[in-house]
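*Asks:* can't give you the sequence, but here's the structure:
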């Protein structure tokens, strides 16, 4: 089974910012990005799910910061190539409109979530988990699966476009599973086992 992984733009920004500042890829975001670039994890082959809009947003954000400006076009092209040459060879998607993520109030967050759902992602990784969990920023149906320091760090988002739910997690949690070999919570394993 191929693990379909969608990384929020903020995870990619963190990855390239860390490299630009000379910190290498030793962060959680860096570990998850490295798994994507390798195309394999302890849970099996990995396919990146990404959209053209996400790549354009990433390049725009990187250009705004002098330290990452030299990475902007390279990052866009590197991530696009990884998605297109992945295990399932799924090039960046064009997500046309759609209202699937309307319960997420921020338009950029909604667009990223739409891309994850349209691409059939199994895991959606974000540094801004609060933007997607049910609350003031989102009216989604969510079930918290794990907490760290009292805050949710893994949850399942239920939506008609994701019959088995979409697992949303922080880079630290995903890195613990895909880089450090920890066993994901049972509900995460159940979701991954329910993949088409």
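*Replies:* Noted; the coordinates are in hand. None of the values given here were measured: they were computed from a predicted structure.

*Asks:* what's the weakest-modelled helix or strand in this structure?
*Replies:* Taking mean pLDDT, DSSP states H and E as the measure, the helix or strand of the chain with the lowest value is helix 186-193, at a mean of 77.

*Asks:* pull out the buried positions in that one.
*Replies:* 187, 188, 191, 192 (16 or more other CB atoms under 10 Å). (C-beta placed from N, C-alpha, C; glycine too.)

*Asks:* OK, contacts around the last one?
*Replies:* Residue 192 makes contacts with 1, 3, 43, 122, 167, 184, as judged by CB atoms under 8 Å, 6 or more residues apart in numbering.

*Asks:* quick one, strands of the protein?
*Replies:* 3-7, 40-41, 44-48, 123-125, 141-148, 151-159, 162-169 (DSSP state E).

*Asks:* in the fifth one, what's buried?
*Replies:* Spelled out, that is strand 141-148. 142, 145.

*Asks:* pull the residues that contact that strand.
*Replies:* 132-134, 152-159, 165, 167-170, 172-173, 185, 187-188.

*Asks:* just want the angle from it to strand 162-169.
*Replies:* 30 degrees (axes from the mean of the first three to the mean of the last three CA atoms, to 10 degrees).

*Asks:* fine by me, thanks again.
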